[in-house]
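Have a look at this prediction, sequence included:
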Amino acid sequence: MRAPKVIVVCGAVLLVATVLVGEPFAASPKEQLKAKAAQAQQVLQQVNALDLQFGRTVEAWHGAQYELDKTRRQLVQDRARLRAAKQQERTAIARVRARLIALYESSDEPTTISILFGSSTVSDLIGRLDAARAISASDHRLAVETTAARRRYAATERRTRATEQRRAVAVGQLDSQRRQIGSMLARRRQLLSSIQSEVATLKAQELRRQAVLAAQARARLAQQQELLRQQAAARAAAARRAAQPAAASRVAPAVAATTATTTATTTTATASTPAAPIPSPVPAPAPLSGGHPEAATIVMKYLGVPYLWGGSTPGGFDCSGLVMYVYGQLGISLPHYAAAQYGFGTAVSRDQLQPGDLVFFDGLNHVGIYIGGGEMVHAPQTGDVVKITPLTEFGAGYVGARRL
């Protein structure tokens, strides 16, 4: 036998059993359909989980992309402000230098040249100029403000650039997750579609099988009805034969005497002739022992009705609701509870089952109506319909039977 195939999805391990046609102990159609339906349900749950995860990841990716775009727009603005600040700083320094040149050209103070050429930084230059009182207060403020603005915008630009890099990484990671989950989701959906196709095929096969079983059961029940009719006719004929001696005892004495004389003469004439044997009647089949075989015929009308938890009408049945509804049509009131139904009627051994008997399974958690041929009609479970099933499919789950 081939080993099961193992599929790993989102950290969960899904075992896909391989069913080989022709293997010993091959699963029954019902078991195959049940297994495939369970597998489809499991894969559907995985698809739903992946779909939810995919949606969340996509939304997170959209959010990260939005924040990244916003950061990039902010970075463009910060860089524009930084360029403007640098330009203002250069303008301010140019104005200071122009002021110094003007002072140099109009003054003989030796310290002016040393101030201009001896400063190593702008701050040093501003300090020297302030000390020398060679620059006006407005030029001083402009130089300080433009330098501070340039530094502030440079710091802002660095922070925004770092944020932009982090968000770009986040977008990349979320995009990778989105692609990975999307690929897994596509594979799961493809598997689900394949399984659902198999389930549809198995359901079609089961429908055909149920049609054959229903035809066989109807023929069997019709034969049973004919047998019951024949048994009733045989009983009626026997009753008529039993009534004949009583009628003969009321015949007139004269007729009886005449008959006796005639009989004596006939006996003398035919004493040496053997009497012809009287043909014995064909033995009628043993009649059914009580019960309600018509319940088997009634329940056949509801084949194909969907299972409905708590249902007890042709709109949908559960197991005990189906039994209650069928026997209600025969004037027998039963509770809507399989275990309680087991308390009605009399016990019947499995080898004495006849159509109409109630058969119980799974610790009295399930009940059906026997229809002969080792089969019953029952409402199995959610997602299924009222159907014919052999008793053997329940194996050791069989509890017993009752005849109402």
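Looks like it came in fine.

Any buried residues in stretch 360-371, and which?
360-361, 364, 366-371 (16 or more other C-beta atoms under 10 Å). (C-beta placed from N, C-alpha, C; glycine too.)

Determine how far it lies from the middle of the whole chain.
Distance of stretch 360-371 from the chain centroid (C-alpha atoms, centre = their mean, to the nearest Å) equals 25 Å.

which residues touch that stretch?
217, 220-221, 295-296, 299-300, 319-320, 322-323, 326, 338-339, 341-342, 353-359, 376-378, 388-389, 391, 394, 397-402 (C-beta atoms under 8 Å, 6 or more residues apart in numbering).

Among those, which ones are in strands?
358-359, 376-378, 388-389, 398-402 (DSSP state E).

quick one on the thing from earlier: and the buried residues of stretch 360-371, which two are furthest apart?
The span of those, defined through C-beta to C-beta, is set by 364 and 371 at 20.5 Å.

re earlier: now, of the contacts of stretch 360-371, which are buried?
217, 220-221, 295-296, 299-300, 319-320, 322-323, 326, 338, 341-342, 353-359, 376-378, 388-389, 391, 394, 399, 401-402.

got the CA positions of stretch 178-191 in CSV?
Output in CSV follows, covering the C-alpha atoms of stretch 178-191 (Å, rounded to 0.1, in the frame of the first residue of the first chain):
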residue,chain,number,x,y,z
ARG,A,178,1.8,38.7,0.4
ARG,A,179,3.3,36.8,-2.6
GLN,A,180,4.1,33.7,-0.5
ILE,A,181,0.6,33.5,1.1
GLY,A,182,-1.0,34.3,-2.2
SER,A,183,0.8,31.4,-3.8
MET,A,184,-0.1,29.0,-1.0
LEU,A,185,-3.7,30.2,-1.2
ALA,A,186,-3.8,29.5,-4.9
ARG,A,187,-2.5,26.0,-4.4
ARG,A,188,-5.0,25.3,-1.6
ARG,A,189,-7.8,26.6,-3.7
GLN,A,190,-6.7,24.4,-6.6
LEU,A,191,-6.6,21.4,-4.2
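
Now the helix or strand encompassing residue 236: average pLDDT?
Using DSSP states H and E, residue 236 maps to helix 137-248. Averaging pLDDT along helix 137-248 gives 83.

So what's the gap between that helix and the chain middle?
With C-alpha atoms, centre = their mean as the basis, the mean position of helix 137-248 lies at 5 Å from the chain mean.

Where do the helices of the stretch 251-400 of the chain begin and end?
For the stretch 251-400 of the chain, helices defined by DSSP state H, counting those that start in this stretch occupy the ranges 253-269, 294-299, 319-328, 338-341.

could you dump the ones in strands among the contacts of stretch 360-371 to a markdown table with pLDDT and distance to residue 41?
Listed next are the ones in strands among the contacts of stretch 360-371 as a markdown table, based on pLDDT from 0 to 100; distance: C-beta to C-beta, whole Å:
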| residue | pLDDT | distance to residue 41 |
| --- | --- | --- |
| 358 | 98 | 31 |
| 359 | 97 | 28 |
| 376 | 96 | 26 |
| 377 | 97 | 26 |
| 378 | 96 | 22 |
| 388 | 94 | 24 |
| 389 | 93 | 21 |
| 398 | 96 | 27 |
| 399 | 96 | 28 |
| 400 | 96 | 32 |
| 401 | 97 | 33 |
| 402 | 97 | 34 |
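
domain assignment for the chain?
24-202, 292-404 (automatic domain parsing).

Give me the pLDDT value at residue 261.
50.

Contact partners for the closest residue to residue 147 other than its chain neighbours?
Once flanking residues are discounted, residue 147 sits nearest to residue 89: 5.7 Å by C-beta to C-beta, 6 or more residues apart in numbering. Residue 89 makes contacts with 143, 146-147, 149-150, as judged by C-beta under 8 Å, 6+ apart.

Give the buried residues for stretch 168-186.
170-171, 174, 177-178, 181, 184-185.

Same question for stretch 383-392.
Buried residues in stretch 383-392 (16+ other C-beta under 10 Å): 384-389, 391.

swap in stretch 46-57?
Buried residues in stretch 46-57 (16+ other C-beta under 10 Å): 46-47, 50, 54, 57.

do stretch 308-324 as well
Buried-residue list, stretch 308-324, by 16+ other C-beta under 10 Å: 311-312, 316-324.

cool, and stretch 62-79?
Neighbour-count burial for stretch 62-79 [16+ other C-beta under 10 Å]: 64-65, 67-68, 71-72, 74-75, 78-79.

Spatially, which two of these are the most separated?
Farthest pair in those, by C-beta to C-beta: 64 and 79, 22.0 Å.

so what's the closest residue to residue 391 other than its chain neighbours up against?
Nearest non-adjacent residue to residue 391, counting by C-beta to C-beta, 6+ apart: residue 374, 5.6 Å away. By C-beta under 8 Å, 6+ apart, the contact set of residue 374 is 390-392.

need those residues in a markdown table with distance to residue 239 and pLDDT, can you?
Formatted as a markdown table, the contacts of residue 374 follow (distance: C-beta to C-beta, whole Å; pLDDT from 0 to 100):
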| residue | distance to residue 239 | pLDDT |
| --- | --- | --- |
| 390 | 40 | 93 |
| 391 | 38 | 95 |
| 392 | 41 | 92 |
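
hang on, isn't residue 383 packed against residue 307?
Yes: under the contact definition of C-beta atoms under 8 Å, residue 383 touches residue 307, with a separation of 6.9 Å.

residue contacts, residue 86?
For residue 86, counting by C-beta under 8 Å, 6+ apart, the contacting residues are residue 150.

Low-confidence regions, the stretch 251-400 of the chain specifically.
251-289 (pLDDT under 70).

if you set the cut-off to 80 instead, what comes out?
251-290, 383 (pLDDT under 80).

same thing with the stretch 1-150 of the chain?
Using pLDDT under 80, the flagged stretches of the stretch 1-150 of the chain are 1-31, 33, 54-55, 58, 92-93, 95-145.

now the strands: where do they sit in the stretch 1-150 of the chain?
5-9, 12-16 (DSSP state E, counting those that start in this stretch).

Pretty sure residue 381 sits against residue 307.
Yes: here residue 381 reaches residue 307: they are 6.0 Å apart, a contact under C-beta under 8 Å.

which residues do the two both contact?
What both residue 381 and residue 307 touch, as defined by C-beta under 8 Å, 6+ apart, is an empty set.
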